[in-house]
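Participant: Got a sequence here, can you model it:
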Amino acid sequence: MVNNNNPEHIFKEIPTDKVGWKSPSNIALVKYWGKKDGQIPANASLSFTLSKSLTETIIEFSPTKEENFKLEFFLDGESNEKFGENTSNYFKSLTNTFPFINQLDFKVHSKNTFPHSAGIASSASGMSAIALCLCDIERKYFDEFSSEDKFLKKASYFARLGSGSACRSVYGGLVSWGEIEGVRNTSNMFGSKLMKNVDSVFENFHDSILIVDAGEKKVSSSVGHGLMNSNPFSKGRFEQAKNNIQKLIQVLSSGNLQEFVKIVESEALTLHSMMMTSNPYFLLMKPNTISIIEKIWEFRENTGIQACFTLDAGPNIHLLYPDEDKKEVRSFIESELMQFTVNNTVIHDEVGEGPEKFL
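Facilitator: Residues are numbered from 1 along each chain as shown. All right, here's what the predicted structure looks like:
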């Protein structure tokens, strides 16, 4: 999976062409925070793949006239040098596996349906879309894949190298990343779709994302992961995550929503507690984040509806709830929660089926 020394693979001519993929973000239920060398997670994670919160990426390519490739990156139609540099470095790291990269010049056109860098895993959707495009070029011109499963596994593997959580966005539904004791086919190297023994209540779960702050977060996830190396509570956290993922797999099978709520909310608060106990410490939640959490607790206590919150590495609330409670929860959002958002911004999303090739 890492190298390809086939001379034909290296020297075959590729014409001017383009490929395009839409790839969704995902929301982790059991969080990955902290990693080892080689983009290996310090603990396994488990996520819902979303449907509407996605990145749409088109990669145009043409034979290069230079010794090495050139790459331009356009975000929402505008040139973005920072993303261009990051993506170019990512491509350079993959030239042993995708030798054709050095034969081509690239224009990457990317756009999101949600605010970038605000804690809605834009790196997951963005890097998974790019990895899918690269694998698609390889499939189109070198017939590398004998099955869709192998194609997606390779795309997940290389998405991981760009952004850890991106490996989960290559699949729809419930997806794990990291070796899980007792669960076959889980791996640190790529995401794995959780297919067996999932109660039907989780197949069409909703996620309403309340945008508390649409600005770029002050501390990147990469920095946050690195700070786990010196966090005095990291060892206990990794053990907690190991136990929680085992509990959650049982809950996903039984359909026990009360236990689902306990695990998911605990995981969200633990994630942010790790940020607050890092050295240097930092805080990504905002006052309105706390206000929404308290309103959700009050709503659940008063109605018995098992709606719960989770957070990514940012201030925005993901409100998770079953399809059968959609009407009541949406009404609650409008009447009680919208006041805490930026410009009444909420993204109503749901569990999705994964990426889609559109070009």
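Participant: C-alpha only now, for contacts and for neighbours.
Facilitator: Noted.
Participant: Phe340 touches Pro287, doesn't it?
Facilitator: No - applying C-alpha atoms under 8 Å, one finds Phe340 not in contact with Pro287, separated by 9.1 Å.
Participant: When the two are compared, which one has more neighbours?
Facilitator: Counted by other C-alpha atoms under 10 Å, Phe340 and Pro287 do not tie: Phe340 has more neighbours, with 19 against 10.
Participant: Could you look up the SS state of the residue nearest to the more buried one when sequence neighbours are not counted?
Facilitator: For Phe340, ignoring the flanking residues on the chain, the nearest one in space by C-alpha to C-alpha, 6 or more residues apart in numbering is Asn288 at 5.5 Å. Of the three states, Asn288 takes helix according to DSSP: H, G, I helix; E, B strand; the rest coil.
Participant: Let me know whether Asn288 touches Gln339 as I believe.
Facilitator: No - the criterion here is C-alpha under 8 Å, and Asn288 misses it with Gln339 at 9.1 Å.
Participant: For Gly173, give its distance to Leu29.
Facilitator: Separation of Gly173 from Leu29 (C-alpha to C-alpha, to the nearest Å) stands at 12 Å.
Participant: cool, Ser187 as well?
Facilitator: Ser187 is 18 Å from Leu29, by C-alpha to C-alpha.
Participant: How about Pro41?
Facilitator: Note on Pro41: its distance to Leu29, by C-alpha to C-alpha, is 15 Å.
Participant: So for those two, which sits in the more crowded spot?
Facilitator: Each of Pro41 and Leu29 has its neighbours counted (other C-alpha under 10 Å); Leu29 has more, 27 against 22.
Participant: looking at this, the more buried one is in a strand?
Facilitator: Yes - assignment of Leu29 by three-state DSSP places it within a strand.
Participant: my guess is it meets Ala44, correct?
Facilitator: No - using C-alpha under 8 Å, Leu29 is not in contact with Ala44, being 10.9 Å away.
Participant: Which residue ranges of the stretch 1-150 of the chain form helices?
Facilitator: In the stretch 1-150 of the chain, the helices defined using DSSP state H, counting those that start in this stretch lie at 7-11, 81-93, 122-142, 148-162.
Participant: Report the beta-bridge partners for Asp17.
Facilitator: Using DSSP bridges, the bridge partners assigned to Asp17 are Phe61.
Participant: dump the residue contacts of it.
Facilitator: Taking C-alpha atoms under 8 Å, 6 or more residues apart in numbering, we find Asp17 in contact with 60-62.
Participant: Tell me how far the residue located most distally from the centre of the chain lies from Leu104.
Facilitator: Centroid-distance maximum for the chain: Lys65 at 35.5 Å, with C-alpha atoms, centre = their mean. According to C-alpha to C-alpha, Lys65 stands 8 Å off from Leu104.
Participant: before we move on, what about Arg330?
Facilitator: Distance from Arg330 to Leu104, counting by C-alpha to C-alpha: 48 Å.
Participant: next one: Ile249
Facilitator: Taking C-alpha to C-alpha as the criterion, Ile249 is separated from Leu104 by 44 Å.
Participant: quick revisit: just the buried members of the contacts of Asp17?
Facilitator: Among these, those buried by neighbour count (16 or more other C-alpha atoms under 10 Å) are 60-62.
Participant: With respect to Lys262, which of those residues is nearest?
Facilitator: Set against Lys262, the nearest of those by C-alpha to C-alpha is Glu60 (45.7 Å).
Participant: which residues does that closest one contact?
Facilitator: 16-19, 106-108.
Participant: before we move on, what about Leu271?
Facilitator: For Leu271, the contact set (C-alpha under 8 Å, 6+ apart) comprises 31, 33, 313.
Participant: Now stretch 319-338: buried residues?
Facilitator: Buried residues in stretch 319-338, counting neighbours by 16+ other C-alpha under 10 Å, are found at 319-323, 329, 333, 337-338.
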